[in-house]
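1. Structure of the sequence below:
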Amino acid sequence: MLQLVQNETMKILRRRRFLVVTLILLILIPIFTYAQYKAVLTAQERLGTSDWRTLLQQRIVDNQNRLSSSRMPEEWRQWLSVQVKQQQYYLDHDINPDAPGGPAFARSFMDQAVALFLPMTIVVLAVDLVSAEHSEGTIKLLLTRPVRRWKVLTSKYIALLLFVSLTVVLSLVLAYLISGVVFGYAGWSMPVLTGFRAVGENLDTSGVFMLPLWKYMFMQYGLGWYVSVVVGTITLMVSVLVRSAAAGMGIMMAALISGSILTQMASTWESAKYLFVVNLSLTDYLSGSLPPIKGMTLPFSLVVLGVWGLAALIVAYAVFTKRDVVS
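-> As a prediction, this is how the structure comes out:
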């Protein structure tokens with residue numbers, strides 16, 4: 001098995017999928033860093049101060065003014081109302097939720113990347129694990145070896161898990177190192193509040209507790225890894241079912257993008273909460289953001305994603321081991 005995993009690892013490296021993912025991160029993270037830096041400067045210039053309390057108070061006032069608009073949809077009103085109460089909680093407890101620093105940027109990067117950007121990079125890695133064997137004609141050579149088919153697919157899956165884990169770690173390292181050039185590298189022990197629970201327009205703070213940032217990020221990136229594994233597993237299934245890497249890429253990208261749209265629009269469609277693409281924003285539960293659909297919780301989303309991942313794995317093994325893949 002070890003030799004099979006090594007073989008699959010070399011195939012991924014030879015196809016330069018991981019190199020593509022690394023280049024994407026190296027290009028986009030500096031852009032995100034610059035965008036955040038400009039946003040901070042703009043806010044400071046507009047208010048004429050760099051005091052975070054003043055800036056946070058102004059954000060609260062701005063959001064309260066937006067809440068007074070009669071044109072705002074109800075679901076957005078609930079989300080913004082929770083945001084205002086959370087921001088006020090930070091202000092009352094004298095904790096800067098946006099303290100500058102490489103660790104803080106890495107935290108915000110994962111919050112924004114977990115639902116779409118990170119899954120898309122995983123799709124790039126996994127989409128041709130099996131389909132490329134057909135297009136390159138190597139599937140016949142692979143399956144003529146005296147190795148059971150389930151072992152072949154298992155080796156591909158283990159190699160995928162290794163590169164998924166490496167991608168998540170690389171995202172953290174690059175986000176920290178690149179943003180630290182601008183914001184500094186301190187802040188790992190900065191206090192972070194978690195345990196917020198949104199109930200309608202109310203914010204339940206009874207379970208709020210304080211963690212150092214490094215512990216919070218350990219949980220946050222752990223959830224990001226879980227999302228990446230599930231997306232990678234589903235992509236592996238698609239790669240087994242569809243022999244064209246381009247078709248598999250189109251299917252997964254369409255699913256992820258439609259999930260991002262559904263998350264914004266399907267608040268009244270309760271059945272949508274069972275779709276895996278609606279449950280990808282696991283880190284929102286840590287920060288206390290309003291869930292996309294009422295009734296969704298962190299354990300619920302973990303179970304839904306786990307069921308989707310397990311079902312995809314079963315389908316992938318069933319099809320790969322029984323279908324005539326040589327033809």
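
2. quick one: average pLDDT of the host helix or strand of residue 152?
-> Residue 152 belongs to helix 149-183 when assigned by DSSP states H and E. For helix 149-183, mean pLDDT rounds to 91.

3. Please name the residues that touch the spatially closest residue to residue 130 that is not a sequence neighbour.
-> Computed as CB to CB, 6 or more residues apart in numbering, the closest residue to residue 130 that is not its neighbour in sequence is residue 239, at 4.3 Å. The way it works is simple: take the backbone N, C-alpha and C, and place the C-beta from them, glycine included. For residue 239, the contact set (CB atoms under 8 Å, 6 or more residues apart in numbering) comprises 126, 127, 128, 129, 130, 131, 245, 248.

4. same check, this time on residue 130
-> 153, 156, 236, 239, 240, 320.

5. Just among those, which is most surrounded?
-> Neighbour tally across those (other CB atoms under 10 Å): the maximum, 30 neighbours, falls on residue 239.

6. Helix or strand next in line after the strand or helix carrying it, which one?
-> Using DSSP H and E, residue 239 falls within helix 213-241. Downstream of helix 213-241, the next assigned helix or strand under DSSP H and E is helix 245-265.

7. Just want the angle from that next one to helix 213-241.
-> 130 degrees (axes from the mean of the first three to the mean of the last three CA atoms, to 10 degrees).

8. Which neighbouring elements make contact with the next helix or strand after helix 245-265?
-> Using DSSP H and E, the helix or strand that directly follows helix 245-265 along the chain is helix 283-287. Judged by 3 or more CB pairs under 8 Å, 6 or more residues apart in numbering; DSSP states H and E, the packing partners of helix 283-287 are helix 102-113, helix 213-241.

9. Please export the alpha-carbon coordinates of the shortest one; PDB is fine.
-> Looking back up the chat, that one is helix 102-113. C-alpha atoms of helix 102-113 as PDB (Å, rounded to 0.1, in the frame of the first residue of the first chain):
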ATOM      1  CA  GLY A 102      -0.400  38.200  10.700                       C
ATOM      2  CA  PRO A 103      -2.300  35.800  12.900                       C
ATOM      3  CA  ALA A 104      -5.400  38.000  12.800                       C
ATOM      4  CA  PHE A 105      -5.200  38.200   9.000                       C
ATOM      5  CA  ALA A 106      -4.800  34.400   8.800                       C
ATOM      6  CA  ARG A 107      -7.900  34.000  10.900                       C
ATOM      7  CA  SER A 108     -10.000  36.400   8.700                       C
ATOM      8  CA  PHE A 109      -8.600  34.700   5.600                       C
ATOM      9  CA  MET A 110     -10.000  31.300   6.700                       C
ATOM     10  CA  ASP A 111     -13.300  32.800   7.600                       C
ATOM     11  CA  GLN A 112     -13.600  34.100   4.000                       C
ATOM     12  CA  ALA A 113     -12.000  31.200   2.200                       C
END
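
10. between it and helix 213-241, how many degrees?
-> Going by the same axes, to 10 degrees, helix 102-113 makes 30 degrees with helix 213-241.

11. per-residue confidence averaged over helix 102-113?
-> Mean predicted lDDT for helix 102-113 stands at 90.

12. Now do whichever helix or strand comes after that helix: distance to the chain's middle.
-> Per DSSP H and E, the first helix or strand lying C-terminal to helix 102-113 is helix 117-126. Distance of helix 117-126 from the chain centroid (CA atoms, centre = their mean, to the nearest Å) equals 10 Å.

13. Spatially central residue for this structure, please.
-> residue 114 (1.3 Å; CA atoms, centre = their mean).

14. got the contact list for residue 40?
-> Neighbours of residue 40 in contact, by CB under 8 Å, 6+ apart: residue 100.

15. How about residue 95?
-> Contacts for residue 95 (CB under 8 Å, 6+ apart) come out as 191, 192, 193.

16. just the strands in the stretch 1-150 of the chain please.
-> Assignment of strands within the stretch 1-150 of the chain using DSSP state E, counting those that start in this stretch yields no ranges at all.

17. Could you pull out the helices in it for me?
-> 2-14, 17-47, 52-67, 74-92, 102-113, 117-126, 131-136, 139-143, 149-183 (DSSP state H, counting those that start in this stretch).

18. so which of the ones you listed gets nearest residue 292?
-> Residue 292 lies closest to helix 74-92 among those, at 8.8 Å (CB to CB).

19. And the contacts of the closest one?
-> If you take CB under 8 Å, 6+ apart as the criterion, helix 74-92 is touched by 53, 56-57, 59-60, 63-64, 66-67, 72, 96-97, 193, 196, 198, 200-203, 205, 208, 267-268, 288-290.
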